[in-house]
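Visitor: need the 3D shape of this:
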Amino acid sequence: MAAVAVLAVAIVDGVVGPTTAPLSFVRLSIPAPNRFELQTLSLRVQLTQLRTVEIVGTVHLASESYFASMLADAADADLCLCELVVPERCLARDERGMLRLREPIAPAPEQRRLAAQLGLQHQLDGLPYGADRRFSYVADVPAEQLVSAPARGSGSTFAEVARTFWRGSMRGAALGAGRARRGPPAWQQLLRAMAWVVPCPEVSLLILDWAWSRTRPQLSSLLRPLGLAILTLDLRSARQLAFAQVLLSSSAEGGGGSGVVFSGGGLGARVEGRMQQRNAAAIDALALALHTRDDDARAQTEEHLALFYGPLHLEGPSGIVADLLSRWPGARIVETRWRTAFAAQLGAGSPPVRGAAAPERLLLPLFLAIDALDWWLTCADVAASLGAAGELSGEALACALYVGRHALLYWSLSRFALDWSGRFED
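Guide: Residues are numbered from 1 along each chain as shown. Okay, the predicted model is just below:
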């Protein structure tokens, strides 16, 4: 049923065909067998003949060489604006009204422990926030204002999760901004509901998501190496690979060309509202630092600024880069560069990850068989409960547990097993 529905939907909806992946600031690169590099993008934007801005996609945990490379590239910058949410007591405003750190900032002990477990360095240890005058300027929202940011929409976190399962995998890059916010139309919701009465509902739902997406997802390149690292007890590589997958999934879900974090109200509205609040603060800080007013004496001097921000804030039509390009007519991207945040290298004795070994080819049939058995046993429990007492409590519980199990499977497969953004580079 799902396969027939997918073909019909693909024809009717007109989504079959090649698509172009949007500009993204984080990707996975595999430069050599068993070596996996998480990379972030830096780009130089020429605003005017005298003004340039270096947009540096930055992750919070990375290798020491990653932050050292950033410092070297920022050596010619007149000013560095940073993403940093800190209490107001740590901030002050200079004569131009720009936010500055009063003193150097260090990561919390638990943040350092997490970085050590991954074999990485925290951003606040790798970059001289507050210690170097150029790295003292903050292009973000004070913590007190961020916490009190008004949330658009209403609804509980539970309701938001329920809407996520109902509307789809919520990949903004795949669905498009308007579509991800509205959710699928009624006839698509009907098809999604029908998937829950057949075996392996999560597979049917993923096929439907594939048919309705603007991009074509593929299996995550990190899936097999992560399993291999766990089997060989290479725990550091396993942690790094899992961390890379979380960053890639979060970036694909949160923007990747759409600017959509989640759809609906509740948690999604709060996250999206805070994203837009922080993006606006970054753009305002850039405008203030660039001396764009005609009466500013520095307007005729050459200036080069650098903005260090998370990839999720930079991507998409509502991201910082798109806003920057739209505010300065004639602005253009003149240079791009990918920088390796960290690399996970599997042991020399590990087999190459390309292709699938014979035991791995049995996993899908085994998964489908267990899934079908679960569906059959649930149907048997419902039938037995109806025949024994004629009450709805037993079958309702069985159905609720079934839906809960497979909803979790659907979310896990969508988030960790598939890449929806097309940002993997072999």
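Visitor: and L23, what pLDDT?
Guide: Per-residue confidence (pLDDT) for L23: 68.
Visitor: how close does the nearest residue to V59 once chain neighbours are set aside sit to S29?
Guide: By the measure of C-beta to C-beta, 6 or more residues apart in numbering, the closest residue to V59 outside its immediate chain neighbours is A341, 5.0 Å from it. C-beta here means a position set from N, CA and C on the backbone, and glycine is covered the same way. Distance, A341 to S29, using C-beta to C-beta, to the nearest Å: 11 Å.
Visitor: and the closest residue to S65 other than its chain neighbours, how many neighbours does it have?
Guide: Leaving aside its sequence neighbours, S65 sits nearest to T340 (C-beta to C-beta, 6+ apart; 7.9 Å). Using other C-beta atoms under 10 Å, T340 is surrounded by 16 other residues.
Visitor: check which residues of the one helix or strand T340 maps to are buried.
Guide: Assigned by DSSP states H and E, T340 falls within strand 332-345. Going by neighbour count (16 or more other C-beta atoms under 10 Å), the buried part of strand 332-345 is W338, R339, T340, A341, F342, A343, A344.
Visitor: same question, stretch 52-72
Guide: 52-63, 66-67, 69-70.
Visitor: these two touch, right, the residue nearest to S65 and L41?
Guide: No. With contact defined as C-beta atoms under 8 Å, T340 does not count as touching L41 (11.4 Å).
Visitor: one step back: packing partners for the strand holding T340?
Guide: strand 26-32, strand 35-46, strand 61-62, helix 64-73, helix 235-254 (3 or more C-beta pairs under 8 Å, 6 or more residues apart in numbering; DSSP states H and E).
Visitor: quickly run through the sheet partners of that strand, with directions.
Guide: Sheet pairing here is set by DSSP bridges, and for strand 332-345 it gives strand 35-46 (antiparallel).
Visitor: report the mean confidence score over the strand it pairs with.
Guide: 92.
Visitor: check stretch 334-352 too.
Guide: Per-residue scores along stretch 334-352 average to 82.
Visitor: touching that stretch from outside, list them.
Guide: By C-beta atoms under 8 Å, 6 or more residues apart in numbering, the residues outside stretch 334-352 that reach it are 27, 29, 33-46, 52, 59, 61-63, 65-66, 69-70, 118-120, 225, 228-229, 232, 234, 237, 240-241, 244, 353, 357.
Visitor: now the buried members of those.
Guide: 27, 29, 34, 36-46, 52, 59, 61-63, 66, 69-70, 118, 120, 225, 228-229, 234, 237, 240-241, 244, 353.
Visitor: please name whichever of the helices and strands packed on strand 332-345 is nearest to R113.
Guide: Among the helices and strands packed on strand 332-345, the nearest to R113 by C-beta to C-beta is strand 61-62 (11.4 Å).
Visitor: packing partners of that closest one?
Guide: strand 121-122, helix 123-126, strand 332-345.
Visitor: closest to I207 out of those?
Guide: Of all the helices and strands packed on strand 61-62, strand 332-345 comes closest under C-beta to C-beta, at 30.7 Å.
Visitor: dump that closest one to CSV, restricted to CA.
Guide: Extracted in CSV, the C-alpha atoms of strand 332-345 (Å, rounded to 0.1, in the frame of the first residue of the first chain):
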residue,chain,number,x,y,z
ARG,A,332,28.2,39.5,-2.5
ILE,A,333,30.0,36.5,-1.3
VAL,A,334,33.5,36.6,-2.6
GLU,A,335,35.2,33.7,-0.8
THR,A,336,34.2,30.4,0.9
ARG,A,337,36.3,28.0,2.9
TRP,A,338,35.5,24.8,4.7
ARG,A,339,37.3,24.3,8.0
THR,A,340,37.6,20.9,9.8
ALA,A,341,36.1,21.1,13.3
PHE,A,342,37.2,17.6,14.3
ALA,A,343,38.0,14.3,12.7
ALA,A,344,37.1,10.8,13.8
GLN,A,345,39.6,8.1,12.6
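Visitor: angle of that strand against helix 235-254?
Guide: In terms of direction (axes from the mean of the first three to the mean of the last three C-alpha atoms, to 10 degrees), strand 332-345 departs from helix 235-254 by 150 degrees.
Visitor: okay, angle between strand 332-345 and helix 64-73 too, please.
Guide: 160 degrees.
Visitor: quick one, strand 332-345 and strand 26-32 angle?
Guide: Using the same axes, to 10 degrees: strand 332-345 against strand 26-32 is 60 degrees.
Visitor: where do the strands of the stretch 301-426 of the chain begin and end?
Guide: 303-309, 332-345, 418-419, 424-425 (DSSP state E, counting those that start in this stretch).
Visitor: with distance to D209 added, can I get these in JSON lines?
Guide: Shown next, in JSON lines, are the strands of the stretch 301-426 of the chain (distance: least, C-beta to C-beta, whole Å):
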{"stretch": "strand 303-309", "distance to D209": "30"}
{"stretch": "strand 332-345", "distance to D209": "28"}
{"stretch": "strand 418-419", "distance to D209": "9"}
{"stretch": "strand 424-425", "distance to D209": "18"}
